[in-house]
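Undergrad: sequence first, then the predicted structure, then my questions.
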Amino acid sequence: MKSPTRWMIVILVFTVVTAAVATLALVAAGPALAADAVAAAPMDPSVLRWGFIAAAASAGLAALGAGYAVAQVGTAALGALAEKPDLFGRVLVMVGLAEGIAIYGLIVSILILNRLG
């Protein structure tokens, strides 16, 4: 059996490489995005403020809800797996559904930010 530290190192390297590629893509797209932003009409600062608050609230509250759901479902899942190991696939689906709440909140916050301009 392989040591868990090897997998942690692989995941860490993958995360760092993905972050570096995303950063370089955003830096390369900066001038093009800036040119589009100049043509946009100015927006009321209070609208922007409330839009950012709404985006942060949707992502934050969805993450809190998903964390609570995963805690509850994960606890029950471990109890069920201790009694019946055959249920692993079904339990994994239930935990995945609980984690989906955070993804929905992130999508809503992205939609709100896109609407702001």
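TA: Arrived safely. For clarity, every value in this text was computed on a predicted model and none was experimentally measured.
Undergrad: residue 93 sits in which helix or strand?
TA: Element membership for residue 93, per DSSP states H and E: helix 88-116.
Undergrad: return the set of buried residues in that helix.
TA: Across helix 88-116, burial judged by 16 or more other C-beta atoms under 10 Å covers 91, 94, 98, 101, 102, 105, 106, 108, 109, 112. Every residue, glycine included, has its C-beta placed from N, CA and C.
Undergrad: could you do stretch 69-87 as well?
TA: Those would be 69, 70, 73, 77, 80, for stretch 69-87 by 16+ other C-beta under 10 Å.
Undergrad: and that stretch, how far out from the chain's middle?
TA: Offset of stretch 69-87 from its chain centre (C-alpha atoms, centre = their mean, to the nearest Å): 24 Å.
Undergrad: average pLDDT for it?
TA: Average pLDDT, stretch 69-87: 91.
Undergrad: neighbouring contacts of that stretch?
TA: For stretch 69-87, the external contacting residues (C-beta atoms under 8 Å, 6 or more residues apart in numbering) are 88, 91, 94, 95, 98, 99, 101.
Undergrad: could you do stretch 51-61 as well?
TA: 105, 106, 108, 109, 110, 112, 113, 115, 116.
Undergrad: the first one and residue 61: what is the separation?
TA: Counting by C-beta to C-beta, to the nearest Å, the separation of residue 105 from residue 61 is 7 Å.
Undergrad: separation between the residue of the chain positioned farthest from its centre and residue 42?
TA: Within the chain, residue 83 marks the point farthest from the mean C-alpha position, 32.4 Å out by C-alpha atoms, centre = their mean. Distance, residue 83 to residue 42, using C-beta to C-beta: 62 Å.
Undergrad: same question for residue 68.
TA: 40 Å.
Undergrad: so between those two, which is more surrounded?
TA: residue 68 (12 against 7; other C-beta atoms under 10 Å).
Undergrad: low-confidence ranges in this protein?
TA: The chain contains residues with pLDDT under 70 at 1-4, 30-41.
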